[in-house]
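# build me a model:
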Amino acid sequence: MKRETVWRGRIVEMEILDERWEVARHASAVAILAQRAEDGFVLGVEQMRPAVDRVTWELPAGLIDPGETPEEAAHRELREEANLCGRLTPITRFYVSPGFTDEEVFLFDLQDPTPCQGTPDETESITIAWRDPHVVWREVKDGTLATSGVTLLGLQRILAREGVVP
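Alright, predicted model coming up:
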């Protein structure tokens, strides 16, 4: 297969394959699903996302740094974004949109969360927001809340545990 790199950025590289397919090579990422035992609320972060020109509410997430395992990246992101530590269990991994990108996301479940000190990423401006998963699902459905596919997957997992089929 003939590969031609047509653009290279910090986390994305654009290629043309066989003079036909446009492919975005993208760094892999992690996301963490955390639910509070006392009220069932889910941990999310609110931040402005220039690509969609909206503030989103998403699970804590981030890119896997070179030399990091997905689990190491998940622990780091959890500390950076939420000042939390705990035991992480892999849930699944998947391609975001395999029709044009090789970006893979590793989703983890957080158990036994405990406060711990993290160093926030200076390039991010985020707000921690624990939210009711039922309300989040309704707001995404009616278009008043923007989120990511991995966040919806995490919410579906929580609602399915409760016997709710969204």
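# skipping adjacent residues, who's closest to W137 in space?
With CB to CB, 6 or more residues apart in numbering as the measure, P166 is the residue that lies nearest to W137, at 5.3 Å, once sequence neighbours are left out. Using the backbone N, CA and C atoms, a C-beta is placed for each residue, glycine as well.
# let me fix that, I meant to ask about Q156.
P166 (6.1 Å).
# that neighbour reaches L153, doesn't it?
No: here P166 does not reach L153: they are 11.2 Å apart, not a contact under CB atoms under 8 Å.
# which of these two has more neighbours?
Comparing P166 with L153 by neighbour count (other CB atoms under 10 Å), the higher total belongs to L153, at 17 against 14.
# for the host helix or strand of the more buried one, packing partners?
In this structure, L153 is located in helix 149-161 according to DSSP states H and E. Contacting helix 149-161 under the criterion 3 or more CB pairs under 8 Å, 6 or more residues apart in numbering; DSSP states H and E are the following elements: strand 29-33, strand 42-49, strand 54-58, strand 84-95, strand 104-115, helix 133-141.
# state the distance from the residue nearest to Q156 to R138.
Noted for P166: a distance of 9 Å to R138, by CB to CB, to the nearest Å.
# with V150 instead?
For V150, the distance to R138 - CB to CB - is 19 Å.
# buried set for the helix holding L153?
Applying a neighbour-count criterion of 16 or more other CB atoms under 10 Å, the buried positions in helix 149-161 are V150, T151, L152, L153, G154, L155, R157, I158, L159.
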